[in-house]
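[1] make a model of this:
(chains A and B)
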Amino acid sequence: MIRVGWFVEIDRGAVLYEAPRPLGHTYEFGATDRKAPTHCPAVQGYTAGRYVVPCPFTLALRCARRGPSWEFRLDRRQSEIDPDAADRLFTFLPPREWRHPERPILQIQAPYIFVSDDEVELAQEPPHQHHLPGRPGVTIAGSFPIRDWPRPLSFAFEWHDVAAPLTLKRGEPWFYLSFRSAAGDRVRLEHIAKSKAIEDYIAHISDVATFTARTFDLIERAREVRPARLLPEANDDTP
Amino acid sequence: MTPPEIFVEELARVYDSGPIAKVDLASVVPDAPERSHAIVCRLVGTASDLRRIAAELLEALGPETEETPRAEPEGERDEVVIATIS
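    Below you'll find the model as predicted:
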């Protein structure tokens, strides 16, 4: 069993960010019929070790080209998040960083930090097993080793159909997480407090993107100073 | 924001095309690209053509100097700009 701890690292509104849920627990229909896809071993194999992170807020966002510029508008009637909060949490990448000249990319802070003392690769994936018509583009996927690189996540969205609004609803799947390790794919996810050791180690690897674009080259150096243990003692009462 | 009259006038001038004059002005207000999309695409070609042409025209018209009242039904939207990038 792989132990993975998580906590939310944000100054305000941490209560908005709910615990990741096992993907297999999020299907609402067909669970009672033995022929339902949820009972298929292949489907169960896929869902094992995958979690759904719920969206923390409700919003509707539109984008439009204005000559050489792009403008992003928050629809206040359909959004619970206010513009000031959006300003703090959202980053709109400049066009030179886009993958396509007509597809804007925005990032929303997802301040979850995952910690493990095992060699675990965390993959952040689009919520592709849920029908979410309010996403007119692609949720960008990524992965990194959380033992040596416990960094906060980010929801990165590439807007393909720019005529359609991006709508997110609190509680609906925001993105998926999967945890893979040579030690197995059974994961025990635990909500933990940020210890001084974790805080010091995270500080050691923070903000390096300000100085270099090749942050993953630094993982080997980070590993050299990582304490052997960052997770708290196992609590057998944790489900 | 570019007034819609100028936008359509420039579009007509560039393409020197009669049908352009029949386009509903409100339908090509840059604020409503989803509504202008179908109408103007029939005249100028594909969606990418439309985006390219619109960008060229707006750039040629120069920087925006004043806000134009929007022609949307009251109560349809209440939007606030949270970012502009270029």
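[2] give me every residue in chain A lying close to chain B.
    When proximity is defined by CB under 8 Å from any CB of the partner chain, chain A lies next to chain B at A:61-62, A:64-77, A:83, A:86-87, A:90, A:92-95, A:102, A:104, A:162-164. Backbone N, C-alpha and C define where each C-beta goes, glycine included.
[3] looking at the residues you listed, which are in strands?
    Judged by DSSP state E, the subset of these located in strands is A:61-62, A:64-66, A:69-75, A:90, A:92.
[4] got a ChimeraX select line for the buried ones in the residues of chain A next to chain B?
    To isolate in ChimeraX the members of those that are buried, counting by 16 or more other CB atoms under 10 Å in any protein chain shown, one can use:
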select /A:61,62,64,65,66,67,69,70,71,72,73,74,75,76,83,86,90,92,95,102,104,162,163,164
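[5] how about A:Lys194, nearest residue that isn't a chain neighbour?
    A:Phe7 (5.3 Å; CB to CB, 6 or more residues apart in numbering or on different chains).
[6] just checking, the one you found is part of a strand?
    Yes. Secondary structure of A:Phe7, determined by DSSP: H, G, I helix; E, B strand; the rest coil: located in a strand.
[7] longest single helix anywhere in chain A?
    For chain A, the longest helix by residue count, based on DSSP state H, is helix A:196-205.
[8] okay, buried residues for that helix please.
    A:Ile198, A:Tyr201, A:Ile202, A:Ile205.
[9] farthest-apart pair in those residues, please.
    Using CB to CB, the pair of those lying farthest apart is A:Ile198 and A:Ile205, separated by 11.4 Å.
[10] now do the shared contacts for the two.
    Contact criterion CB atoms under 8 Å, 6 or more residues apart in numbering or on different chains; residues bridging A:Ile198 and A:Ile205 by contacting each: A:Pro150.
[11] and A:Trp6, how many residues sit next to it?
    Burial of A:Trp6 is recorded as 21 neighbouring residues (other CB atoms under 10 Å in any protein chain shown).
[12] was I right to think it contacts A:Pro111?
    No. A:Trp6 is beyond contact range of A:Pro111, at 10.7 Å (criterion: CB atoms under 8 Å).
[13] make a markdown table from the buried residues of helix A:196-205 and add pLDDT to it.
    Converted to a markdown table, the buried residues of helix A:196-205 look like this (pLDDT from 0 to 100):
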| residue | pLDDT |
| --- | --- |
| A:Ile198 | 94 |
| A:Tyr201 | 91 |
| A:Ile202 | 90 |
| A:Ile205 | 82 |
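[14] how much space between A:Gln44 and chain B?
    Here the criterion is CB to the nearest CB, to the nearest Å. By it, A:Gln44 lies 41 Å from chain B.
[15] assumed that residue was part of a helix.
    Yes. Under the criterion used here (three-state DSSP), A:Gln44 sits inside a helix.
[16] and it, what is it in contact with?
    With contact taken as CB under 8 Å, 6+ apart, A:Gln44 is in contact with A:Gly24, A:Thr38.
[17] please redo it, this time with the cut-off set to 7 Å
    By CB atoms under 7 Å, 6 or more residues apart in numbering or on different chains, the contact set of A:Gln44 is A:Gly24.
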